[in-house]
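Peer 1: output the structure for:
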Amino acid sequence: MAIGWIIMVLWMGGLCLQLVGGKYARLGLLLMGMGIGGFAVFWLLLGGVHVYW
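Peer 2: Predicted coordinates:
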């Protein structure tokens, strides 16, 4: 599951940037949002394919 790893790395990177704070906090939020959004889309697609079959 390469997609899962990419999403996890994005989310963890965002979390680290949040902890660093300052001007990187907003970028961290964006990365976390991308990670969570990507996971949600991936899960919906996976669920949709499963239901379709």
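
Peer 1: how about the helix or strand bottoming out on mean pLDDT in the chain: buried residues?
Peer 2: Sorted by mean pLDDT, DSSP states H and E, the helices and strands of the chain end with helix 25-52, the least confident at a mean of 80. By 16 or more other CB atoms under 10 Å, the buried positions in helix 25-52 come out as 28, 31-32, 34-35, 38-39. Every residue, glycine included, has its C-beta placed from N, CA and C.

Peer 1: for the helix or strand harbouring residue 17, packing partners?
Peer 2: Assigned by DSSP states H and E, residue 17 belongs to helix 2-20. In terms of contacts (3 or more CB pairs under 8 Å, 6 or more residues apart in numbering; DSSP states H and E), helix 2-20 is packed against helix 25-52.

Peer 1: now do the helix it packs on against helix 2-20, angle only.
Peer 2: Helix 25-52 and helix 2-20 are oriented at 160 degrees to each other (axes from the mean of the first three to the mean of the last three CA atoms, to 10 degrees).

Peer 1: by contact count, what packs against helix 25-52?
Peer 2: helix 2-20.

Peer 1: what's near enough to touch the most centrally placed residue in the chain?
Peer 2: Nearest to the mean C-alpha position of the chain, counting by CA atoms, centre = their mean, stands residue 35 at 0.8 Å. Listed by CB atoms under 8 Å, 6 or more residues apart in numbering, the contact set of residue 35 reads 7-8, 10-11, 14.
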